[in-house]
Structure formats: structure tokens, C-alpha cells
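Colleague: This is the structure alone, sequence omitted:
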């Protein structure tokens, strides 16, 4: 069984209480609830295993439970600037030229998502290079070959209450609120399974 992760929104200046109430308290909570209804009592698979092996409603709810947890962790518990001497920052500078150039490329890619989806910064495990990847609807990056470092939710319900139809404004604000410590920890660990600990019931 999985649980809605405990997220600290106390330092949030990016999204209003109303958006958090609906997006986290209703949308995200519903994916967790539906996921638990769809898995059998004898189900021994991890969330990542379910995502990799399922289709249809089970996949959609498992993937969305994962995607949303990853998204909130990218923003909380507080804004943390990327450290210039950390390995992730060095890789960003080497591949994109600067953090600002990565920002521009990431936002441009996120604006290109037609309809609902997600924009990820991920590490290609085979090349050790960073890639900006769009996925649609509930889809997740290829977890066999990529380690996601951060993600932005570009479903309209993620921003409409606060930013109406201005995805560009939402993305600008999102970039200012990234928890780079979380992204750096993902890069250092390269362990996607660690995300599940935030969602596993005791």
C-alpha cells in the first residue's frame, strides 16, 4: 500500500493555498487512493516495478503518483540554489554553458508540450549526459535508461488557478523555486527507488 507523501509547503511562495489544496490534496491524493484500490493485497511489486510492468488504469495511477511526488520534492521543503562546486552544476555548465542557458532550454521545451504532460531534466545513464525530455499525460521518462533529476508538471491544473493560461509565467516562477539540493542528490545517488520511501506506508 502507498500513502500520500508528507510535503512541507510552509516555505512555498510559488503556488497559492488553493492550488496546493486541489493539486496535492485532491488530484495527487486521488491517484494514491486509486492505485491502492487497483493493486491486490498480495502485490509485492515496488512502485517502480508497477510502473515498468503495467498498462491502463494501473499504470496511469502509479505513474501519476510517482510523477507528482517527484514534482513536489523538486519544489520543497525550500528553495535551495545549486552549489557552483557540485558535480551537477559542473555537468550543467559543461553541457549547456551555464545554468541560465539550461533554464532557457528547459522552459522552451516545456512550452512545446501540446496538451498535458511533464518536462524532465534527466541523466542518460549510458552517455552520462543531461537531456531535457517531454512526456505526455501520465508517462514517465524511461527509468531503465534515465535517472530523472527534476520535473515540471505542465498539466493545466498545475497552474491555472494561479497563472490562468500563462504557462510561460508559471514556468518562470517554477524555475525560481527549484530545490536544487534534491536534484543534486538524485544525480549523486542515481537511485530512482529512493523516491518510493516518501510514499510507502509504515
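Modeller: That came through, no problem. Model, not experiment: these values are computed from the prediction.
Colleague: any chance you could map the strands in this protein?
Modeller: For the chain, the strands defined by DSSP state E cover 117-124, 129-136, 146-153.
Colleague: Can you list the low-confidence ranges for this protein?
Modeller: Low-confidence segments of the chain, defined by pLDDT under 70: 41-42, 77, 79, 201-202.
Colleague: Return the set of buried residues in the longest helix belonging to the chain.
Modeller: Using DSSP state H to define each element, the chain has its longest helix at helix 56-75. Residues 58-75 are the ones in helix 56-75 that count as buried (16 or more other Cβ atoms under 10 Å). All C-beta spots, glycine's among them, are computed from the backbone N, C-alpha and C.
Colleague: ok, back up a step: how about the strands of the chain in a markdown table, adding mean neighbour count?
Modeller: Output for those, formatted as a markdown table (neighbours: other Cβ atoms under 10 Å):
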| stretch | mean neighbour count |
| --- | --- |
| strand 117-124 | 22 |
| strand 129-136 | 16 |
| strand 146-153 | 23 |
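Colleague: Of all these, which one comes closest to residue 166?
Modeller: With respect to residue 166, and counting by Cβ to Cβ, the nearest of the strands of the chain is strand 146-153 at 14.3 Å.
Colleague: Who does the closest one pair with, and is each partner parallel or antiparallel?
Modeller: The pairing partners recorded for strand 146-153 under DSSP bridges are strand 117-124 (antiparallel).
Colleague: got the angle between the partner strand and strand 129-136?
Modeller: 160 degrees (axes from the mean of the first three to the mean of the last three Cα atoms, to 10 degrees).
Colleague: How far off centre is strand 117-124?
Modeller: How far strand 117-124 lies from its chain's middle: 8 Å, per Cα atoms, centre = their mean, to the nearest Å.
Colleague: what's the answer for stretch 129-148, then?
Modeller: 10 Å.
Colleague: Other residues contacting it?
Modeller: Identification of contacts with stretch 129-148 by Cβ atoms under 8 Å, 6 or more residues apart in numbering yields 48, 51-52, 59-60, 63-64, 66-67, 70, 91-92, 95-96, 102, 105-106, 109-110, 112-113, 115-126, 149, 186-187, 190, 192.
Colleague: where do the helices sit along the chain?
Modeller: Using DSSP H, the helices of the chain run over 17-22, 29-38, 47-53, 56-75, 87-96, 99-111, 160-163, 167-176, 180-189.
Colleague: wait, what's in contact with the residue nearest to residue 177 when sequence neighbours are not counted?
Modeller: Of all residues not flanking residue 177 in the chain, residue 14 sits nearest, at 4.2 Å (Cβ to Cβ, 6 or more residues apart in numbering). By Cβ under 8 Å, 6+ apart, residue 14 lies in contact with 75, 173-174, 176-177.
Colleague: Check residue 72 too.
Modeller: 5, 7, 24, 28.
Colleague: Looking at these, which is nearest residue 84?
Modeller: Among those, and counting by Cβ to Cβ, the member closest to residue 84 is residue 7, at 28.0 Å.
Colleague: wait, that closest one sits on residue 74?
Modeller: No. Residue 7 lies out of contact with residue 74 (Cβ atoms under 8 Å); the separation is 11.0 Å.
Colleague: one step back: JSON lines for the strands of the chain, including distance to residue 33?
Modeller: Compiled in JSON lines, those are given as follows (distance: least, Cβ to Cβ, whole Å):
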{"stretch": "strand 117-124", "distance to residue 33": "21"}
{"stretch": "strand 129-136", "distance to residue 33": "23"}
{"stretch": "strand 146-153", "distance to residue 33": "19"}
